[in-house]
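*Asks:* can't give you the sequence, but here's the structure:
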């Protein structure tokens, strides 16, 4: 890859990063290698591959919203700043209509 294809200083400026000359010398070959890898992936034949969001099916991502029965109510409320009748008290946020 030619060095003129992508400029590390320009990318750093877009990202609002300030790089010194030593950092540019380190990052330029790394960025070129990343771009070269992306170019090699673009040459793959993916015509018969169905687009997916995940490489494998995703099932049951949400857990059931159930209270922990293993903790006694007093342990759950011990860190609550304000409590009454075994419940957490919160400030009223809705005004009367």
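*Replies:* Structure received. Since the model is a prediction, treat every value here as computed from it, not as a measurement.
*Asks:* for residue 24, grab phi and psi.
*Replies:* phi -60, psi -40 (degrees, to the nearest 10).
*Asks:* can you pull out the strands in the chain?
*Replies:* Assigned by DSSP state E, the chain shows strands spanning 83-84, 87-88.
*Asks:* could those strands be laid out in TSV, adding mean pLDDT, distance to residue 41 and mean neighbour count?
*Replies:* Yep, even glycine has a C-beta here, placed from its N, CA and C like the rest. Below are the strands of the chain laid out as TSV (pLDDT from 0 to 100; distance: least, Cβ to Cβ, whole Å; neighbours: other Cβ atoms under 10 Å):
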stretch	mean pLDDT	distance to residue 41	mean neighbour count
strand 83-84	82	57	11
strand 87-88	83	52	12
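*Asks:* looking at these, which is closest to residue 5?
*Replies:* Nearest to residue 5, of all those, is strand 87-88, at 58.7 Å by Cβ to Cβ.
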